[in-house]
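> Prediction below, plus the sequence it came from.
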Amino acid sequence: MHTNFKIKSEGEDVVLSNASGKILDSYNTGYIPTDRSKGRIKEGDTWSFFEISTPGQSNDKINYQGFLNSPNINVESGFIIHLKIYQSHIRMRMLGFIIQLMAINLTKTLSYFQIQ
């Protein structure tokens, strides 16, 4: 159904009735995002959102069952790395200015190592 009137984006009831006033169909549109249309998929019973309105044509274009809310990201900038090391030893040898990692074997377990 394509209307010659606007439907509020906040949603409202749409009623289809015959000339004698008998209600043939009704639907509460719910919220409709800007630049989207809402209709039944391929003239079926399932309602969906469409990117492109198709007045006078079948609703067989790309459609969506709904939309997600915008994400709310409230983490401080930077990063934190958590590293768990279990039963390893770290041995280093210093030869002049060179430090070489010879083996990894820790004598005790660390719960975590944190870098900020």
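Thanks, I have the structure now.

> Ramachandran angles for the closest residue to D13 other than its chain neighbours?
Spatial nearest neighbour of D13, chain neighbours left out: N28 (5.2 Å); criterion: Cβ to Cβ, 6 or more residues apart in numbering. C-beta here means a position set from N, CA and C on the backbone, and glycine is covered the same way. Taking degrees, to the nearest 10, you get phi -100, psi 120 for the backbone angles of N28.

> so N28 sits right up against E10, yeah?
No. When contacts are counted by Cβ atoms under 8 Å, N28 is not listed as touching E10 (11.0 Å).

> Phi and psi next, for V14.
Backbone torsions of V14, given as degrees, to the nearest 10, read phi -120, psi 130.

> can you check V15 too?
Backbone torsions for V15, taken as degrees, to the nearest 10, come to phi -120, psi 130.

> From what I see, it and I23 are in contact.
Yes. Between V15 and I23 there is a contact under Cβ under 8 Å: 5.8 Å.

> Run a quick check on G39 versus S48, I expect a contact.
Yes. Here G39 lies in contact with S48, judged by Cβ under 8 Å, at a distance of 7.0 Å.

> Need the overlap of contacts for those two.
Counting by Cβ atoms under 8 Å, 6 or more residues apart in numbering, the residues touching both G39 and S48 are N59.

> Can you pick out the residue with more neighbours from these two?
When neighbours are counted by other Cβ atoms under 10 Å, G39 comes out ahead of the other of G39 and S48, with 21 against 18.

> residues in contact with that one?
For G39, the contacting residues are 1, 47-48, 50, 54, 59, by Cβ under 8 Å, 6+ apart.

> again, but for P33
Going by Cβ under 8 Å, 6+ apart, P33 touches 9, 49, 67.

> which one of the residues you listed has the most neighbours?
Across the contacts of P33, the neighbour count under other Cβ under 10 Å reaches its highest value at F49, namely 16 neighbours.
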